[in-house]
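Participant: Sequence plus the predicted model coming up.
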Amino acid sequence: MKKVPQLLKQWKQTGYALSTASEAAFSGRVKAKERHQAIKYGLVALTSGLLGWAAYSYKKQKLFTQCKEASMMMPGLKKHGLPEYSQEEVAKHNNPGGRIWVTYGHGVYDITDFMDKHPGGKDKIILASGGSLEPFWALYDMHKSQHVYEWLESYRIGNFRDAGSVKKRDRDVKDPFINDPDRHPALRINSKKPFNAEPPPQIIVDSFITPNELFYVRNHHPVPEIEPKQYKLQIEGMGVKTVQLSLDDLKTKFKKGSVVATLQCGGNRRSDMSQSRPVRGLSWGSLAVGNAEWTGVWLKDVLKHAGLNEDNTQVKHIQFEGLDKEPTGQSFGASIPVHKAWENALLAYEMNGQPLPRDHGYPVRLVVPGVIGVRNVKWLGKISPSHEESDSHAQRGDYMTFNPSIDWGNVDFTKGVAIQDVPVTSAILEPLPGTKVEAQDEEITIRGYAWSGGGRGIIRVDVSSDGGKTWHDAELTRPSQPMHQTYAWTLWEATIPIPQNANEVQLICKAVDNSYNVQPDSTHGIWNMRGLLNNSWHNVKLPVEPQ
């Protein structure tokens, strides 16, 4: 700020110099040569003056903006005279039946009395209870406003003693997961090592594109640390010459492509299937699935670059290996039928316009739209055309289903077929199970997603509030993709009547794709020992509060 008066003084001085020189030049008081020099120096002074004035104006505007921002109340600043609380103390206040505390910056806030007033709903703000608001506010720009800051400070109860401190990682050098990345606190963890988690439904239902930090994470091994400048993708095998490509090669030597596609873990909604009979696997809810825009280079272009011809009939499969490894050194692997490679399979290096997050395959991963998540190999290290499938465990000893009478005692994986395309499915994301319904309510609004693998679009979602006795059409928000080349999910919403005099509302949804595939009404006929591909009708039960 001290420079502003100096700039103004300089501008005045240069303006005075111009005035003096011009007056002398045109008054005849100097000779012709001197007149020329006066004009020359005058123009220099004018230019200097104008630049000085521009700089002064810029500084003045910047100073005005800074003063305006300074006048805003900034939340989370440390305040003297308030009690101090540790992270451990804050974390105890996360029970909906008690007081709800959160932190922001150096502040601790008791927001219990605001829970029912939250514009986004109590079910969203409760996600931050006992922890920090900042990761959640980062998802919504509307929080960055004066009235929100003022609201937050009105609930201030103290200072956060642990603000800015970083949790020390377990420094056990024998732990292979020690260098895994940090994750968003909203993710619901199914397994810490390896890390597997899904987002809360009440946030995901708001967005067609799933935010990177809230995309479900399915890891089989520790997340590898890969230096982008040292990264090499190797192509070798049947019908190709051995080629190594750097990350820069992929970005500069091939046509860039993008596709909006949904990825889903084969175990999505496994927890529902396990309610009828126990199954083996992570207890996924309904959001081991997400929708993103993937950007990179087309797999077919890379295969052609390595010499593979599309008319090569000997090549039946394309095998892939990741750079993530088991403690034994075995890499994760999978394969897809060769015709998938010639369609729209992508070697992605961006996710929603950003470099791939480490949890999602940085620096390069495979994305095969419409195909089960396990085939979309992350941290891609090798591509191998072959006459046979990958011999990996994920391809030949898992991720296939059998009839309900087959169990671990009598299974023969050599007779199974590896899952590729995902069957039609849907789920209710809002309201959450157990949400109370008032007896006087006449209608209820429900929202969710639907999608089908293989590029099949969704043509209808049927919803019911009485357990399937009567049905209603949901309003669909379809992606802008051709019906027979739809790789992104469809979001849907419906406001439907609540049954009169009922003690419970049983919501159901079921989707129909453009091949008229329909979801089965229960898990009875599709049960399998691994709990894979549960696409039965999705049920959500809500208690009715008496008047």
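Facilitator: Sure, I can see it.
Participant: Which pLDDT value belongs to residue 325?
Facilitator: Note on residue 325: pLDDT of 87.
Participant: and the spatially closest residue to it that is not a sequence neighbour, what is it in contact with?
Facilitator: Residue nearest to residue 325 in three dimensions, not counting chain neighbours: residue 331, with 5.4 Å by Cβ to Cβ, 6 or more residues apart in numbering. Using the backbone N, CA and C atoms, a C-beta is placed for each residue, glycine as well. Counting by Cβ atoms under 8 Å, 6 or more residues apart in numbering, residue 331 makes contact with 321, 322, 323, 324, 325, 381, 382.
Participant: again, but for residue 229
Facilitator: By Cβ under 8 Å, 6+ apart, the neighbours of residue 229 are 246, 247.
Participant: Could you do residue 365 as well?
Facilitator: Applying Cβ under 8 Å, 6+ apart, the residues near residue 365 are 347, 348, 356, 376, 377, 378, 379, 380.
Participant: same thing but 7 Å
Facilitator: Listed by Cβ atoms under 7 Å, 6 or more residues apart in numbering, the contact partners of residue 365 are 348, 356, 376, 377, 378, 379, 380.
Participant: Relative to residue 480, which of those is nearest.
Facilitator: Using Cβ to Cβ, the shortest approach to residue 480 within the contacts of residue 365 belongs to residue 348, at 19.8 Å.
Participant: And what about the closest one, helix, strand or coil?
Facilitator: Using DSSP: H, G, I helix; E, B strand; the rest coil, the structure places residue 348 in strand.
Participant: how near is the residue nearest to residue 325 to residue 303?
Facilitator: 20 Å (Cβ to Cβ, to the nearest Å).
Participant: Out of the contacts of residue 365, flag the one nearest to residue 423.
Facilitator: residue 376 (17.0 Å).
Participant: What's the local residue count around the closest one?
Facilitator: 26 (other Cβ atoms under 10 Å).
Participant: Helices of the stretch 201-350 of the chain, residue ranges please.
Facilitator: Remark: helices assigned in the stretch 201-350 of the chain by DSSP state H, counting those that start in this stretch are 201-204, 247-253, 270-273, 299-305, 338-341.
Participant: Mind checking those for the one nearest to residue 491?
Facilitator: helix 201-204 (9.7 Å).
Participant: Can you give the contact residues for that closest one?
Facilitator: Against helix 201-204 from outside (Cβ under 7 Å, 6+ apart): 121, 123, 124, 186, 210, 214, 286, 287, 429, 430, 432.
Participant: re the thing from before, buried members of the contacts of residue 365 into PyMOL, please.
Facilitator: Command for PyMOL, covering only those of the contacts of residue 365 found buried under the criterion 16 or more other Cβ atoms under 10 Å:
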select buried, resi 348+356+376+377+378+379+380
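Participant: quick one: which of the contacts of helix 201-204 sit in strands?
Facilitator: In strands, judged by DSSP state E, the following of those are found: 429, 430.
Participant: Who wins on neighbours among the contacts of helix 201-204?
Facilitator: residue 287 (27 neighbours).
Participant: Backbone dihedrals for that residue, please?
Facilitator: phi -130, psi 40 (degrees, to the nearest 10).
Participant: okay, the helices of the stretch 201-350 of the chain in JSON lines with mean neighbour count, distance to residue 495 and mean pLDDT next?
Facilitator: Below are the helices of the stretch 201-350 of the chain laid out as JSON lines (neighbours: other Cβ atoms under 10 Å; distance: least, Cβ to Cβ, whole Å; pLDDT from 0 to 100):
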{"stretch": "helix 201-204", "mean neighbour count": "22", "distance to residue 495": "18", "mean pLDDT": "92"}
{"stretch": "helix 247-253", "mean neighbour count": "15", "distance to residue 495": "47", "mean pLDDT": "98"}
{"stretch": "helix 270-273", "mean neighbour count": "22", "distance to residue 495": "25", "mean pLDDT": "97"}
{"stretch": "helix 299-305", "mean neighbour count": "19", "distance to residue 495": "43", "mean pLDDT": "98"}
{"stretch": "helix 338-341", "mean neighbour count": "19", "distance to residue 495": "40", "mean pLDDT": "98"}
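Participant: Alright, calling it a day.
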